[in-house]
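In: turn this into a structure:
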Amino acid sequence: MEIIVLVGILIAVFMGEILYYRMHALDELSLKVDFSKNVADFGEKIELIEVVENRKKLPLPFIILKFETPREIKFFDEVNATTSDFIYREDMLTMKAFSKHTRRIKAKCSKRGYYVFPRVGITTSDLFLIERFTKEFDNDSHLIVLPELVRTNIIDILVSVTLSEMQCRRTLLTDPFSLSGIREYGPNDPMKSINWKASAKTGDLMVNQNASTCTQKVHIFLNLENYNPKGSTSLLEKAISLTYTYLIELSQLGIQASLYTNGIDILTGNPVVSENDPGSPEKRGIMLAGIDLKTPVIPFAEIFEKYVSSTDQSDFILIISPQFSDSFRMFLADIKTIRPSLLWLMPCYKTSPEVHPEPEIESSYLRWEEVGYD
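Out: Now for the predicted structure:
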(Lines give C-alpha, C1' and ligand atoms only; values in the text may rest on other atoms or scores of the structure.)
Protein backbone atom coordinates (compact mmCIF):
# COMPACT_ATOMS: atom_id res chain seq x y z
CA MET A 1 0.00 0.00 0.00
CA GLU A 2 2.80 2.39 0.92
CA ILE A 3 4.47 1.71 -2.42
CA ILE A 4 1.26 2.56 -4.25
CA VAL A 5 0.96 5.81 -2.30
CA LEU A 6 4.63 6.66 -2.99
CA VAL A 7 4.20 5.97 -6.68
CA GLY A 8 1.06 8.09 -6.69
CA ILE A 9 2.92 10.94 -5.03
CA LEU A 10 5.79 10.68 -7.50
CA ILE A 11 3.41 10.68 -10.45
CA ALA A 12 1.61 13.72 -9.02
CA VAL A 13 4.91 15.57 -8.53
CA PHE A 14 6.05 14.53 -11.97
CA MET A 15 2.84 15.68 -13.67
CA GLY A 16 2.69 18.86 -11.58
CA GLU A 17 6.27 19.74 -12.52
CA ILE A 18 5.62 19.24 -16.21
CA LEU A 19 2.37 21.21 -16.04
CA TYR A 20 4.03 24.07 -14.14
CA TYR A 21 6.94 24.28 -16.58
CA ARG A 22 4.53 24.07 -19.49
CA MET A 23 2.75 27.14 -18.14
CA HIS A 24 5.73 29.19 -16.92
CA ALA A 25 9.01 28.01 -18.48
CA LEU A 26 8.94 30.75 -21.12
CA ASP A 27 7.69 33.51 -18.81
CA GLU A 28 9.99 36.49 -18.18
CA LEU A 29 12.50 35.11 -20.66
CA SER A 30 14.21 37.37 -23.19
CA LEU A 31 16.79 37.01 -25.94
CA LYS A 32 18.61 39.69 -27.88
CA VAL A 33 21.14 38.99 -30.62
CA ASP A 34 23.03 42.06 -31.79
CA PHE A 35 26.21 43.20 -33.50
CA SER A 36 28.93 45.13 -31.70
CA LYS A 37 28.44 47.89 -34.29
CA ASN A 38 25.85 48.67 -36.94
CA VAL A 39 28.20 49.91 -39.68
CA ALA A 40 31.38 48.01 -40.48
CA ASP A 41 34.05 48.10 -43.16
CA PHE A 42 34.49 45.27 -45.62
CA GLY A 43 36.72 42.61 -44.04
CA GLU A 44 36.41 44.12 -40.56
CA LYS A 45 36.25 41.85 -37.52
CA ILE A 46 33.22 42.43 -35.32
CA GLU A 47 31.41 40.65 -32.49
CA LEU A 48 27.99 39.08 -32.43
CA ILE A 49 26.51 39.49 -28.93
CA GLU A 50 23.97 37.09 -27.43
CA VAL A 51 22.14 38.31 -24.33
CA VAL A 52 19.60 35.99 -22.68
CA GLU A 53 17.89 36.77 -19.37
CA ASN A 54 15.72 34.67 -17.05
CA ARG A 55 13.82 37.15 -14.84
CA LYS A 56 11.86 34.66 -12.72
CA LYS A 57 12.49 32.32 -9.77
CA LEU A 58 12.08 29.22 -11.92
CA PRO A 59 15.45 27.71 -12.99
CA LEU A 60 15.87 26.26 -16.45
CA PRO A 61 17.97 23.08 -16.72
CA PHE A 62 19.12 23.97 -20.22
CA ILE A 63 18.49 26.58 -22.89
CA ILE A 64 19.29 26.30 -26.57
CA LEU A 65 19.75 29.67 -28.26
CA LYS A 66 18.91 29.45 -31.94
CA PHE A 67 19.35 32.04 -34.66
CA GLU A 68 20.00 32.35 -38.38
CA THR A 69 22.56 34.70 -39.83
CA PRO A 70 23.61 35.33 -43.44
CA ARG A 71 26.51 33.28 -44.78
CA GLU A 72 28.43 36.48 -45.54
CA ILE A 73 29.07 36.88 -41.79
CA LYS A 74 31.92 34.43 -41.21
CA PHE A 75 32.25 33.11 -37.64
CA PHE A 76 35.69 32.21 -36.33
CA ASP A 77 34.02 29.66 -34.04
CA GLU A 78 31.76 27.38 -36.10
CA VAL A 79 31.47 24.50 -33.60
CA ASN A 80 27.70 24.86 -33.17
CA ALA A 81 26.91 26.11 -36.67
CA THR A 82 25.53 24.49 -39.82
CA THR A 83 25.44 26.15 -43.23
CA SER A 84 22.90 26.15 -46.07
CA ASP A 85 21.19 29.31 -47.34
CA PHE A 86 21.93 30.81 -43.91
CA ILE A 87 24.23 29.89 -41.05
CA TYR A 88 22.14 28.13 -38.40
CA ARG A 89 23.71 28.42 -34.97
CA GLU A 90 22.73 26.75 -31.69
CA ASP A 91 24.36 27.47 -28.33
CA MET A 92 23.43 25.58 -25.13
CA LEU A 93 23.63 26.81 -21.53
CA THR A 94 21.95 26.49 -18.11
CA MET A 95 19.98 29.37 -16.61
CA LYS A 96 19.53 29.80 -12.88
CA ALA A 97 16.69 31.79 -11.42
CA PHE A 98 17.08 35.56 -11.97
CA SER A 99 20.19 35.16 -14.09
CA LYS A 100 21.61 36.75 -17.22
CA HIS A 101 24.01 35.34 -19.77
CA THR A 102 26.07 37.31 -22.31
CA ARG A 103 28.24 35.71 -24.96
CA ARG A 104 30.40 37.37 -27.60
CA ILE A 105 31.23 35.54 -30.83
CA LYS A 106 33.86 36.95 -33.18
CA ALA A 107 32.97 37.19 -36.86
CA LYS A 108 34.29 38.75 -40.06
CA CYS A 109 32.37 40.88 -42.58
CA SER A 110 33.12 39.18 -45.89
CA LYS A 111 30.69 40.93 -48.25
CA ARG A 112 28.98 44.29 -48.79
CA GLY A 113 25.35 44.38 -47.78
CA TYR A 114 22.54 45.00 -45.30
CA TYR A 115 22.09 42.08 -42.90
CA VAL A 116 19.49 41.10 -40.31
CA PHE A 117 18.64 37.99 -38.26
CA PRO A 118 15.64 36.26 -39.92
CA ARG A 119 14.82 34.15 -36.86
CA VAL A 120 15.87 34.23 -33.20
CA GLY A 121 14.51 31.71 -30.70
CA ILE A 122 14.92 29.78 -27.46
CA THR A 123 14.22 26.13 -26.66
CA THR A 124 14.11 24.98 -23.03
CA SER A 125 12.82 22.05 -20.98
CA ASP A 126 11.37 20.92 -17.66
CA LEU A 127 13.61 19.58 -14.89
CA PHE A 128 13.13 15.97 -15.98
CA LEU A 129 13.99 16.81 -19.62
CA ILE A 130 10.72 15.24 -20.74
CA GLU A 131 9.06 18.07 -22.63
CA ARG A 132 10.55 20.92 -24.66
CA PHE A 133 9.21 24.46 -24.99
CA THR A 134 10.14 26.85 -27.80
CA LYS A 135 9.61 30.57 -28.31
CA GLU A 136 10.69 32.97 -31.07
CA PHE A 137 11.55 36.61 -30.38
CA ASP A 138 11.41 39.79 -32.40
CA ASN A 139 14.90 41.03 -33.18
CA ASP A 140 15.48 44.33 -34.98
CA SER A 141 19.29 44.21 -35.06
CA HIS A 142 20.99 44.92 -38.36
CA LEU A 143 24.47 45.26 -39.80
CA ILE A 144 25.60 47.40 -42.74
CA VAL A 145 28.84 46.27 -44.38
CA LEU A 146 30.38 49.00 -46.53
CA PRO A 147 31.73 48.19 -50.01
CA GLU A 148 35.28 46.96 -50.38
CA LEU A 149 37.92 49.58 -51.08
CA VAL A 150 39.73 49.15 -54.41
CA ARG A 151 43.49 48.73 -53.91
CA THR A 152 44.72 49.10 -57.49
CA ASN A 153 46.19 51.93 -59.55
CA ILE A 154 42.91 52.38 -61.42
CA ILE A 155 41.84 54.91 -58.78
CA ASP A 156 44.98 57.01 -59.33
CA ILE A 157 44.35 56.92 -63.08
CA LEU A 158 40.72 57.85 -62.59
CA VAL A 159 41.51 60.77 -60.28
CA SER A 160 44.18 61.99 -62.69
CA VAL A 161 41.74 61.91 -65.62
CA THR A 162 39.11 63.69 -63.52
CA LEU A 163 41.44 66.51 -62.51
CA SER A 164 42.69 66.85 -66.08
CA GLU A 165 39.16 67.10 -67.47
CA MET A 166 38.12 69.64 -64.87
CA GLN A 167 41.24 71.75 -65.39
CA CYS A 168 40.76 71.84 -69.17
CA ARG A 169 37.24 73.17 -68.85
CA ARG A 170 37.77 75.61 -66.02
CA THR A 171 37.10 79.23 -66.82
CA LEU A 172 40.02 81.65 -66.76
CA LEU A 173 38.04 84.13 -64.70
CA THR A 174 38.59 84.06 -60.96
CA ASP A 175 36.43 85.13 -58.07
CA PRO A 176 38.23 87.73 -55.88
CA PHE A 177 35.98 86.87 -52.93
CA SER A 178 36.66 83.12 -53.00
CA LEU A 179 40.02 81.79 -51.76
CA SER A 180 41.07 78.29 -52.84
CA GLY A 181 44.57 78.22 -51.31
CA ILE A 182 48.00 79.82 -50.91
CA ARG A 183 51.02 79.32 -53.17
CA GLU A 184 54.46 80.80 -53.78
CA TYR A 185 54.76 84.25 -55.36
CA GLY A 186 55.33 84.38 -59.12
CA PRO A 187 56.75 87.22 -61.27
CA ASN A 188 53.32 87.93 -62.80
CA ASP A 189 51.44 88.08 -59.49
CA PRO A 190 50.17 91.53 -58.36
CA MET A 191 51.50 92.87 -55.05
CA LYS A 192 47.96 93.10 -53.64
CA SER A 193 47.64 89.30 -53.72
CA ILE A 194 50.58 88.75 -51.34
CA ASN A 195 49.62 87.07 -48.06
CA TRP A 196 51.98 88.77 -45.61
CA LYS A 197 51.20 86.48 -42.65
CA ALA A 198 51.93 83.35 -44.66
CA SER A 199 55.06 84.98 -46.08
CA ALA A 200 56.33 85.75 -42.58
CA LYS A 201 55.82 82.15 -41.47
CA THR A 202 57.52 80.55 -44.46
CA GLY A 203 60.24 83.11 -45.11
CA ASP A 204 59.20 83.28 -48.79
CA LEU A 205 56.66 85.46 -50.53
CA MET A 206 53.28 83.68 -50.66
CA VAL A 207 50.16 84.82 -52.53
CA ASN A 208 46.47 84.08 -52.20
CA GLN A 209 45.08 81.86 -54.94
CA ASN A 210 41.53 82.71 -55.94
CA ALA A 211 39.00 80.07 -56.91
CA SER A 212 37.36 79.78 -60.26
CA THR A 213 34.03 81.55 -60.73
CA CYS A 214 32.71 78.23 -62.03
CA THR A 215 32.75 75.46 -59.40
CA GLN A 216 32.73 72.24 -61.33
CA LYS A 217 31.27 69.03 -60.04
CA VAL A 218 31.60 65.35 -60.78
CA HIS A 219 28.54 63.25 -61.52
CA ILE A 220 28.88 59.48 -61.17
CA PHE A 221 26.38 57.28 -63.01
CA LEU A 222 26.64 53.65 -61.89
CA ASN A 223 25.01 51.14 -64.24
CA LEU A 224 24.12 47.82 -62.59
CA GLU A 225 22.36 46.16 -65.51
CA ASN A 226 23.27 42.52 -66.22
CA TYR A 227 26.42 42.19 -68.30
CA ASN A 228 26.11 38.52 -69.27
CA PRO A 229 23.27 36.02 -69.88
CA LYS A 230 23.99 34.20 -66.60
CA GLY A 231 23.04 37.24 -64.53
CA SER A 232 26.43 37.27 -62.77
CA THR A 233 26.98 39.89 -60.07
CA SER A 234 30.74 39.73 -59.36
CA LEU A 235 31.61 42.62 -61.69
CA LEU A 236 28.64 44.60 -60.39
CA GLU A 237 30.11 44.25 -56.90
CA LYS A 238 33.46 45.47 -58.20
CA ALA A 239 31.72 48.44 -59.84
CA ILE A 240 30.08 49.34 -56.53
CA SER A 241 33.42 49.06 -54.72
CA LEU A 242 35.12 51.24 -57.32
CA THR A 243 32.39 53.87 -57.00
CA TYR A 244 32.76 53.99 -53.21
CA THR A 245 36.56 54.29 -53.39
CA TYR A 246 36.34 57.03 -56.01
CA LEU A 247 33.87 58.98 -53.86
CA ILE A 248 36.30 58.85 -50.94
CA GLU A 249 39.14 60.16 -53.12
CA LEU A 250 36.99 63.03 -54.42
CA SER A 251 35.95 63.94 -50.89
CA GLN A 252 39.58 64.12 -49.78
CA LEU A 253 40.30 66.46 -52.70
CA GLY A 254 37.33 68.66 -51.80
CA ILE A 255 35.55 67.93 -55.10
CA GLN A 256 31.77 67.90 -55.04
CA ALA A 257 30.19 64.76 -56.46
CA SER A 258 26.71 63.42 -57.11
CA LEU A 259 25.82 59.75 -57.31
CA TYR A 260 23.13 58.20 -59.50
CA THR A 261 22.51 54.47 -59.81
CA ASN A 262 19.78 52.28 -61.24
CA GLY A 263 20.32 49.83 -58.37
CA ILE A 264 17.44 49.41 -55.93
CA ASP A 265 17.69 50.02 -52.18
CA ILE A 266 16.81 46.90 -50.19
CA LEU A 267 14.69 48.88 -47.67
CA THR A 268 12.96 51.59 -49.70
CA GLY A 269 12.62 49.88 -53.09
CA ASN A 270 13.83 53.10 -54.78
CA PRO A 271 16.91 53.75 -56.93
CA VAL A 272 19.97 54.80 -54.93
CA VAL A 273 20.56 58.47 -55.77
CA SER A 274 22.49 61.14 -53.90
CA GLU A 275 22.21 64.54 -55.60
CA ASN A 276 24.43 67.42 -54.47
CA ASP A 277 24.79 65.81 -51.05
CA PRO A 278 27.68 67.21 -48.99
CA GLY A 279 27.46 64.26 -46.59
CA SER A 280 30.42 62.13 -45.56
CA PRO A 281 31.75 59.35 -47.81
CA GLU A 282 30.50 56.82 -45.23
CA LYS A 283 26.95 58.06 -45.80
CA ARG A 284 27.36 57.34 -49.51
CA GLY A 285 28.92 54.00 -48.60
CA ILE A 286 25.85 53.10 -46.55
CA MET A 287 23.67 53.91 -49.55
CA LEU A 288 25.78 51.70 -51.81
CA ALA A 289 25.80 48.94 -49.20
CA GLY A 290 22.00 48.85 -49.32
CA ILE A 291 21.78 48.06 -53.04
CA ASP A 292 20.03 44.73 -53.57
CA LEU A 293 21.42 43.06 -56.69
CA LYS A 294 18.66 40.43 -56.54
CA THR A 295 16.07 43.08 -57.38
CA PRO A 296 15.70 44.02 -61.08
CA VAL A 297 17.20 47.43 -61.84
CA ILE A 298 15.68 50.38 -63.66
CA PRO A 299 16.92 50.80 -67.27
CA PHE A 300 20.10 52.88 -67.21
CA ALA A 301 18.94 55.22 -69.99
CA GLU A 302 15.90 56.13 -67.90
CA ILE A 303 17.99 57.09 -64.85
CA PHE A 304 20.58 58.95 -66.94
CA GLU A 305 18.07 61.02 -68.89
CA LYS A 306 16.17 61.86 -65.71
CA TYR A 307 19.15 63.36 -63.90
CA VAL A 308 21.63 64.54 -66.53
CA SER A 309 19.46 67.57 -67.30
CA SER A 310 20.16 68.90 -63.79
CA THR A 311 23.95 68.95 -64.38
CA ASP A 312 26.00 71.79 -65.89
CA GLN A 313 27.64 71.51 -69.29
CA SER A 314 31.08 72.02 -67.72
CA ASP A 315 30.67 69.22 -65.17
CA PHE A 316 32.56 65.95 -65.49
CA ILE A 317 30.45 62.82 -65.97
CA LEU A 318 31.80 59.39 -65.10
CA ILE A 319 29.83 56.33 -66.16
CA ILE A 320 30.82 53.08 -64.44
CA SER A 321 29.31 50.11 -66.23
CA PRO A 322 30.31 46.46 -66.76
CA GLN A 323 27.46 46.34 -69.29
CA PHE A 324 28.80 46.87 -72.82
CA SER A 325 25.99 45.87 -75.19
CA ASP A 326 25.64 47.44 -78.64
CA SER A 327 22.62 49.47 -77.56
CA PHE A 328 24.48 50.75 -74.49
CA ARG A 329 27.50 51.85 -76.53
CA MET A 330 25.26 53.60 -79.07
CA PHE A 331 23.52 55.39 -76.21
CA LEU A 332 26.89 56.62 -74.88
CA ALA A 333 27.94 57.75 -78.37
CA ASP A 334 24.82 59.91 -78.61
CA ILE A 335 25.42 61.39 -75.15
CA LYS A 336 29.08 62.12 -75.91
CA THR A 337 28.15 64.45 -78.78
CA ILE A 338 26.35 66.79 -76.37
CA ARG A 339 28.39 66.18 -73.21
CA PRO A 340 32.07 66.01 -74.26
CA SER A 341 33.40 65.86 -70.67
CA LEU A 342 32.41 62.22 -70.21
CA LEU A 343 34.30 59.02 -69.40
CA TRP A 344 33.08 55.42 -69.50
CA LEU A 345 34.91 53.06 -67.15
CA MET A 346 34.18 49.36 -67.74
CA PRO A 347 35.09 46.91 -64.95
CA CYS A 348 35.87 43.52 -66.50
CA TYR A 349 38.03 40.42 -66.24
CA LYS A 350 41.16 39.80 -68.26
CA THR A 351 39.25 37.00 -69.97
CA SER A 352 36.31 39.28 -70.84
CA PRO A 353 35.71 39.93 -74.56
CA GLU A 354 37.39 42.92 -76.12
CA VAL A 355 35.09 45.89 -76.61
CA HIS A 356 35.30 48.10 -79.68
CA PRO A 357 33.64 51.40 -78.74
CA GLU A 358 32.07 53.64 -81.34
CA PRO A 359 34.41 56.36 -82.69
CA GLU A 360 32.55 59.02 -80.67
CA ILE A 361 33.47 57.39 -77.35
CA GLU A 362 36.70 55.59 -78.23
CA SER A 363 38.84 58.28 -76.60
CA SER A 364 36.56 58.33 -73.53
CA TYR A 365 36.66 54.62 -72.79
CA LEU A 366 38.72 53.09 -69.97
CA ARG A 367 38.90 49.32 -69.36
CA TRP A 368 39.60 48.11 -65.81
CA GLU A 369 40.74 44.50 -65.85
CA GLU A 370 40.64 42.35 -62.72
CA VAL A 371 41.87 38.84 -62.10
CA GLY A 372 39.08 36.26 -62.01
CA TYR A 373 36.13 35.01 -64.00
CA ASP A 374 32.36 34.53 -63.75
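
In: tell me, what's the model's pLDDT at the nearest residue to E53 once chain neighbours are set aside?
Out: Once its chain neighbours are removed from consideration, E53 has its nearest residue in K100; the separation is 4.5 Å (C-beta to C-beta, 6 or more residues apart in numbering). In this view, the C-beta of every residue, glycine as well, is placed from N, C-alpha and C. The model reports K100 with a pLDDT of 93.

In: determine the three-state secondary structure at K100.
Out: Taken by DSSP: H, G, I helix; E, B strand; the rest coil, the conformation at K100 corresponds to strand.

In: surely it is in contact with E50?
Out: No. The pair formed by K100 and E50 falls short of the contact definition of C-beta atoms under 8 Å, at 11.1 Å.

In: who has more neighbours, those two?
Out: Here K100 and E50 are compared on neighbour count by other C-beta atoms under 10 Å; more neighbours surround E50, at 19 against 12.

In: ok, now which ones touch that one?
Out: Applying C-beta atoms under 8 Å, 6 or more residues apart in numbering, one finds that E50 lies in contact with L31, K32, V33, L65, D91, H101, T102, R103, R104, I105.

In: element containing it?
Out: When secondary structure is defined by DSSP states H and E, E50 falls within strand 45-54.

In: mind listing what that strand pairs with, with the direction of each?
Out: For strand 45-54, the pairing partners within the sheet under DSSP bridges are strand 29-35 (antiparallel), strand 99-109 (antiparallel).

In: could you identify the helix or strand that succeeds the longest one?
Out: Note on strand 99-109: by DSSP H and E, the next helix or strand toward the C-terminus is strand 113-116.

In: which helices and strands does that next one pack with?
Out: In this structure, strand 113-116 packs against strand 60-70, strand 142-145, with contacts taken as 3 or more C-beta pairs under 8 Å, 6 or more residues apart in numbering; DSSP states H and E.

In: so what does the last one touch, helix or strand wise?
Out: Contact analysis of strand 142-145 by 3+ C-beta pairs under 8 Å, 6+ apart lists strand 39-40, strand 113-116, helix 281-289 as its packing neighbours.

In: re the thing from before, got a ChimeraX select line for the buried ones in the contacts of E50?
Out: In ChimeraX, a selection of the buried entries from the contacts of E50 looks like this (16 or more other C-beta atoms under 10 Å):
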select :31,32,33,65,91,101,105
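
In: which stretches of the stretch 201-350 of the chain form helices?
Out: 234-252, 281-289, 300-308, 326-338 (DSSP state H, counting those that start in this stretch).

In: got a markdown table for those, with distance to A12 and mean pLDDT too?
Out: What follows is these, written out as a markdown table (distance: least, C-beta to C-beta, whole Å; pLDDT from 0 to 100):
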| stretch | distance to A12 | mean pLDDT |
| --- | --- | --- |
| helix 234-252 | 64 | 95 |
| helix 281-289 | 59 | 93 |
| helix 300-308 | 73 | 95 |
| helix 326-338 | 79 | 93 |
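
In: want to try TSV for those, with distance to V207 and mean neighbour count as columns?
Out: What follows is the helices of the stretch 201-350 of the chain, written out as TSV (distance: least, C-beta to C-beta, whole Å; neighbours: other C-beta atoms under 10 Å):
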stretch	distance to V207	mean neighbour count
helix 234-252	25	21
helix 281-289	32	20
helix 300-308	38	17
helix 326-338	39	15
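
In: who wins for proximity to Y115 among these?
Out: helix 281-289 (9.7 Å; C-beta to C-beta).

In: now for the closest one, which elements pack on it?
Out: For helix 281-289, the packing partners by 3+ C-beta pairs under 8 Å, 6+ apart come out as strand 142-145, helix 234-252, strand 257-264, strand 271-274.

In: now do the helix ranked longest in the chain against strand 60-70, angle only.
Out: When secondary structure is assigned using DSSP state H, the longest helix within the chain turns out to be helix 2-24. Direction vectors for helix 2-24 and strand 60-70, defined by axes from the mean of the first three to the mean of the last three C-alpha atoms, to 10 degrees, enclose an angle of 30 degrees.

In: now do the contacts for P59.
Out: Contact analysis of P59 by C-beta under 8 Å, 6+ apart lists T94, M95, K96, A97.

In: so what does it have for phi and psi?
Out: Comment: the main-chain dihedrals of P59 come out as phi -80, psi 160, following degrees, to the nearest 10.

In: mind checking how far it is from C348?
Out: Using C-beta to C-beta, to the nearest Å, one gets 62 Å for the distance from P59 to C348.

In: same check on L236?
Out: In this structure, L236 lies at 12 Å from C348, with C-beta to C-beta as the measure.

In: what do the two both touch?
Out: Residues touching both L236 and C348 comprise P322, with contact defined as C-beta under 8 Å, 6+ apart.

In: mind putting the strands paired with strand 45-54 in CSV, distance to E360 included?
Out: Below are those laid out as CSV (distance: least, C-beta to C-beta, whole Å):
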stretch, distance to E360
strand 29-35, 49
strand 99-109, 42
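
In: show me which residues of the longest helix of the chain are buried.
Out: For helix 2-24, the neighbour count (16+ other C-beta under 10 Å) marks I18, Y21 as buried.

In: relative to the whole chain's centre, how far out is it?
Out: Relative to the chain's own centre, helix 2-24 is displaced by 56 Å; criterion: C-alpha atoms, centre = their mean, to the nearest Å.
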